[in-house]
Each structure stands twice: as structure tokens, then as C-alpha cells.
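Enquirer: with the sequence up front, the predicted model follows.
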Amino acid sequence: MSLNQKLISDLVSTYGITFIKAAAGSVLFFDSNIVHASTNNISPFGRSTVIITYNSIENIPVSVIRANARYF
């Protein structure tokens, strides 16, 4: 999801920006709902992302009976 420039500007004015620098092999954990971004990877090495989601027992995923064609 992308945010419009005005919203980004307002968020930066209110909360500031934090830059993360880390050594190769480092791991960063954060809530995916935090507004975040990264620049292009200009190194010759790959960059991996792992997204893990936990659901409460009250929020068990249900099977989809009919798939929506627009997602294929």
C-alpha cells in the first residue's frame, strides 16, 4: 500500500523519521502496520523479507469457498 505525499509529510512533521543502519546479517523486527520504506538495494547481495502473522484463537482463518478471480 502506498501513502500519499501529504500524509507522509504530515506524519514526518508530527513524529519525525528514524533511519536504521545495521551490519550485514542483522535482523529488524517491527509491526508491519508501522509506516515504513526502504531504498533500492544497490549492493550485489540479495535482501530477504519474512512476514509472520499470528492470529488470536478467536480469529481463526476460514477456508475460502469460492475464490475471487481478480486475485489470479
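Expert: Good, I have the coordinates. Numbers count the residues shown, from 1 in each chain.

Enquirer: okay, CA-based contacts and neighbour counts for the rest of this
Expert: OK.

Enquirer: give me the residue at the spatial middle of this structure.
Expert: Ser32 (4.3 Å; C-alpha atoms, centre = their mean).

Enquirer: any idea how far that one is from Ser48?
Expert: Per C-alpha to C-alpha, to the nearest Å, Ser32 is found 15 Å from Ser48.

Enquirer: try Gln5
Expert: When distance is defined by C-alpha to C-alpha, Gln5 is 27 Å away from Ser48.

Enquirer: same check, this time on Phe30
Expert: Summarising the geometry, the distance separating Phe30 from Ser48, computed by C-alpha to C-alpha, is 15 Å.

Enquirer: sorry, back to before: so between Gln5 and Ser48, which is more surrounded?
Expert: Residue environment comparison for Gln5 versus Ser48 gives the larger neighbour count to Gln5, 9 against 5, counting by other C-alpha atoms under 10 Å.

Enquirer: do you know how far that one is from Leu11?
Expert: Relative to Leu11, Gln5 is positioned 10 Å away (criterion: C-alpha to C-alpha).
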